[in-house]
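Novice: here is my input; please provide its structure:
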Amino acid sequence: FIQFFFVCCMKKICNGCIMAAEKRDILNCPFCRTPRPKSEAESLAMVQTRVEKKDPAAINYLAQKYCHGNLGLQKDMRKAVELWTEAAELGSIGALH
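Specialist: Numbers count the residues shown, from 1 in each chain. Prediction:
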């Protein structure tokens, strides 16, 4: 079961559903209709917008990126732990693992 993650709305969708959406000419996010990011910088900007709105899923996602040094971010475990703590306090179950 393969999933694709959309940073615009923090939703996962399976590849079959993506293919079905593309057959109907839905090339943007099937959930929120936001255009897909074209670069890591665009992805990071979308995530940071949701982080500023205190979205626990986005905060958890950003923590993972700091932990592994993805999306052009330098590895920073201290920042990752701070973000995971904030995400957990806001109700993210994933941030507790």
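Novice: shaky segments in the protein?
Specialist: Along the chain, the model assigns pLDDT under 70 to residues 1.
Novice: quick one, helices of it?
Specialist: Secondary structure of the chain (DSSP state H): helices at 15-23, 40-52, 56-68, 77-89.
Novice: okay, these in a markdown table with distance to Phe31 next?
Specialist: Yep, even glycine has a C-beta here, placed from its N, CA and C like the rest. Formatted as a markdown table, those follow (distance: least, CB to CB, whole Å):
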| stretch | distance to Phe31 |
| --- | --- |
| helix 15-23 | 10 |
| helix 40-52 | 13 |
| helix 56-68 | 13 |
| helix 77-89 | 20 |
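Novice: most packed of those helices?
Specialist: Of all these, helix 56-68 has the most neighbours on average by mean count of other CB atoms under 10 Å, namely a mean of 21.
Novice: which residues are contacting that helix?
Specialist: 7, 10, 44, 47-48, 50-51, 70-71, 73, 75-77, 79-84, 86-88, 90-92, 94-95 (CB atoms under 8 Å, 6 or more residues apart in numbering).
Novice: how far off centre is that helix?
Specialist: Offset of helix 56-68 from its chain centre (CA atoms, centre = their mean, to the nearest Å): 8 Å.
Novice: got the angle between that helix and helix 40-52?
Specialist: 130 degrees (axes from the mean of the first three to the mean of the last three CA atoms, to 10 degrees).
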